[in-house]
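Colleague: next input, structure requested:
(2 chains)
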2 protein chains.
Amino acid sequence: MPTGKSTRADHPAPLRNIRLVVEYDGTRYSGWQIQKGRPTVQAEIRRAVRRITGERATVIGASRTDAGVHATGQVANFRTSSRIPAERLVHALNFYLPQDIGVRQARDVSPTFHAQFDARWKSYRYLLHNSPTRRPLIRASALHVRPRLDLAAMRQAARVFVGRRDFRAFGSEVGRKKTTVRTIYRLDLRRVGECVIFEISGDGFLYTMVRSIVGTLIRAGQRRITPAEVRRILEQGDRSAAGPVVGPEGLCLVRVCYTPWKTRS
Amino acid sequence: MPTGKSTRADHPAPLRNIRLVVEYDGTRYSGWQIQKGRPTVQAEIRRAVRRITGERATVIGASRTDAGVHATGQVANFRTSSRIPAERLVHALNFYLPQDIGVRQARDVSPTFHAQFDARWKSYRYLLHNSPTRRPLIRASALHVRPRLDLAAMRQAARVFVGRRDFRAFGSEVGRKKTTVRTIYRLDLRRVGECVIFEISGDGFLYTMVRSIVGTLIRAGQRRITPAEVRRILEQGDRSAAGPVVGPEGLCLVRVCYTPWKTRS
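Modeller: Residues are numbered from 1 along each chain as shown, chains lettered A, B, ... in the order given. Below is the predicted model of the structure:
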């Protein structure tokens, strides 16, 4: 019955905006983004949010990781009218999420925060197991490459990618309208035991770009392509000349940052 | 047709003895040892040997790891009349083995070498993820313990186990006849990021002994048991007072040695 008086229901609390940091083992998922009839990370988080809040929230992810790609530091956000404190949301979400997805942090952020559009740079790690014999215990998180790779040659080729470049040759599903220019701030390689770890940070990545770059660097490490040839492929935008897109098992989104990149001295 | 002359077939080459180093992800196995109707690592290796050599070999393992326990350095041996060079055996075996088992090394050894009886000491690692929130990417190789553990208290309790002791209270299926005395040479703990890594080396381990010790040390780290109480349990052989047998996912057989333990200075 309307009374003319202002009640709580007339002025609902403004929606909260919750920022999550999420880790997942991407092995059994068709990537981050919701696709009908396929298991995706976004769908699982959306379902968990709904079970807790009763609301059909849109869960925005910083990066639309591909099928099979892992994350230790995916950032996501969603709006809710729930009053559950953020730190309790972590445990509530994990209760409903499958074991291969885990929320690591949850906190209230500004209503304008957008996990995807506000991201300034992202870091990915690619793990390569470089040994003549396989290692079952790391098979789900590393690509196995048997021939011993020449790291010096790979580092030389890696330098070609650093900076503001047109990555047309290293992206899949590249359209005509959207820009294919991206800035890579850093691309490091190091050998740790039998593994080679790639770390790549940039302001954005085309679809399959990291895995095309890694595939090309592996060719450089096998001395099947020279750094000069890599430069030519990049300049000419020739997709067919670039290395193969390597498997998703070695790729992991490790960090998403919302402040500008600062070169460390 | 017998000719009276000595032929190759009359004097077959003596059987070779092959020593393997094997890594496996124990998640889907009922342990090392062959059991009817269950998937085991020993059965898989035996099957692979048979496919390559046509022979029904006995595959001897240094350690009968339990269901779900992993290994990076299990040692095994088998006899064969095959003439395939040892280094080619690695790849041939891996070709027939499932992806979660991998032979890392194969070599010809003395005919008397016995992977189990000749072992002088073994090292196990136990990985514990000590954090309020779970980490999906290490869930198959680490036990998740939420409350922050007191490492100093755990190290103090760990000292009680080092040396020649009767581990009756820390073994399952302990019979009356067999000795339950074992020597622990080393039991180290260290924190690496969010994880606590246990390393334990000894001349032998009773069934579930490593996991009972880790379970007891976790209690010490939660200050639910004092080092003095741990000593009492060990001295009194009271199984019921010891900590629980923790899950197998954190346990990994890392090394088997065939020369005496030497204290590093």
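
Colleague: ok, the helix or strand hosting A:Ala71 near chain B or not?
Modeller: Applying DSSP states H and E as the criterion places A:Ala71 in strand A:70-80. Yes: Strand A:70-80 lies within reach of chain B by Cβ under 8 Å from any Cβ of the partner chain, at A:70, A:72. In this view, the C-beta of every residue, glycine as well, is placed from N, C-alpha and C.

Colleague: please apply the same query to stretch A:139-157.
Modeller: Yes: for stretch A:139-157 and chain B, the contact criterion (Cβ under 8 Å from any Cβ) is met by A:139-141.

Colleague: need the contact list for the closest residue to A:Pro147 other than its chain neighbours.
Modeller: The shortest distance from A:Pro147 to any non-neighbouring residue, by Cβ to Cβ, 6 or more residues apart in numbering or on different chains, is to A:Gln222 (5.9 Å). Residues in contact with A:Gln222 (Cβ atoms under 8 Å, 6 or more residues apart in numbering or on different chains) are A:147, A:149-150.

Colleague: check A:Thr40 too.
Modeller: A:29-34.

Colleague: try A:His144
Modeller: Contacts of A:His144 (Cβ under 8 Å, 6+ apart): A:129, A:131, A:134-135.

Colleague: what does A:Thr263 give?
Modeller: A:Tyr185.

Colleague: from B:Ala241, how far off is it?
Modeller: 58 Å (Cβ to Cβ, to the nearest Å).

Colleague: repeat for A:Cys195
Modeller: 43 Å.

Colleague: out of those two, which sits in the busier spot?
Modeller: A:Cys195 (18 against 15; other Cβ atoms under 10 Å in any protein chain shown).

Colleague: what sits closest to the more buried one if chain neighbours are left out?
Modeller: Using Cβ to Cβ, 6+ apart and skipping residues adjacent in sequence, the residue nearest A:Cys195 is A:His129, 5.5 Å away.

Colleague: swap in A:Arg107?
Modeller: A:Ala86 (4.8 Å).

Colleague: below-threshold pLDDT in chain A: ranges please.
Modeller: Along chain A, segments meeting pLDDT under 70 span A:1-13, A:173-177, A:264-265.

Colleague: ok, which stretches of it are strands?
Modeller: A:16-24, A:60-61, A:70-80, A:101-109, A:121-130, A:143-145, A:163-166, A:181-192, A:195-202, A:251-257 (DSSP state E).

Colleague: how about JSON lines for these, with distance to B:Val21 added?
Modeller: Listed next are those as JSON lines, based on distance: least, Cβ to Cβ, whole Å:
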{"stretch": "strand A:16-24", "distance to B:Val21": "32"}
{"stretch": "strand A:60-61", "distance to B:Val21": "42"}
{"stretch": "strand A:70-80", "distance to B:Val21": "28"}
{"stretch": "strand A:101-109", "distance to B:Val21": "34"}
{"stretch": "strand A:121-130", "distance to B:Val21": "16"}
{"stretch": "strand A:143-145", "distance to B:Val21": "17"}
{"stretch": "strand A:163-166", "distance to B:Val21": "44"}
{"stretch": "strand A:181-192", "distance to B:Val21": "20"}
{"stretch": "strand A:195-202", "distance to B:Val21": "18"}
{"stretch": "strand A:251-257", "distance to B:Val21": "28"}
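
Colleague: hang on, the earlier thing: the strand holding A:Ala71: partners in the sheet, and parallel or antiparallel?
Modeller: Partners of strand A:70-80 in the sheet, by DSSP bridges, are strand A:16-24 (antiparallel), strand A:60-61 (antiparallel), strand A:251-257 (parallel).

Colleague: B:Tyr207: which of those is closest?
Modeller: Closest approach to B:Tyr207 among the strands paired with strand A:70-80 is made by strand A:16-24 (34.3 Å; Cβ to Cβ).

Colleague: who in the stretch 101-250 of chain A is up against chain B?
Modeller: So the stretch 101-250 of chain A meets chain B at A:101-105, A:132-137, A:139-141 (Cβ under 8 Å from any Cβ).

Colleague: now the residues you listed: which count as buried?
Modeller: A:101-104, A:133-137, A:139-141 (16 or more other Cβ atoms under 10 Å in any protein chain shown).

Colleague: show me where chain A has its helices.
Modeller: Applying DSSP state H to chain A gives helices spanning A:41-53, A:86-96, A:151-159, A:209-221, A:227-236.

Colleague: mean neighbour count and distance to B:Val246 added to those, as TSV?
Modeller: Shown next, in TSV, are these (neighbours: other Cβ atoms under 10 Å in any protein chain shown; distance: least, Cβ to Cβ, whole Å):
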stretch	mean neighbour count	distance to B:Val246
helix A:41-53	20	28
helix A:86-96	17	21
helix A:151-159	18	39
helix A:209-221	26	37
helix A:227-236	16	49
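
Colleague: so which of those comes closest to B:Gly237?
Modeller: helix A:86-96 (39.8 Å).

Colleague: before we move on, the earlier item: out of the contacts of A:Thr40, who's nearest chain B?
Modeller: Within these, proximity to chain B (Cβ to the nearest Cβ) peaks at A:Tyr29, which comes in at 11.0 Å.

Colleague: can the strands paired with strand A:70-80 go into JSON lines with extra columns for mean neighbour count?
Modeller: Output for the strands paired with strand A:70-80, formatted as JSON lines (neighbours: other Cβ atoms under 10 Å in any protein chain shown):
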{"stretch": "strand A:16-24", "mean neighbour count": "23"}
{"stretch": "strand A:60-61", "mean neighbour count": "22"}
{"stretch": "strand A:251-257", "mean neighbour count": "22"}
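
Colleague: closest to B:Asn77 out of the ones you listed?
Modeller: Closest approach to B:Asn77 among the strands paired with strand A:70-80 is made by strand A:251-257 (37.8 Å; Cβ to Cβ).

Colleague: contacts made by the closest one with the rest, please.
Modeller: A:62-63, A:65-66, A:69-75, A:115, A:119-127, A:141, A:199, A:201, A:210-211, A:214, B:137.

Colleague: show me the contacts for A:Leu97.
Modeller: A:44-45, A:48, A:103.

Colleague: er, A:Pro132 actually
Modeller: By Cβ under 8 Å, 6+ apart, the contact list for A:Pro132 reads A:146, B:90.
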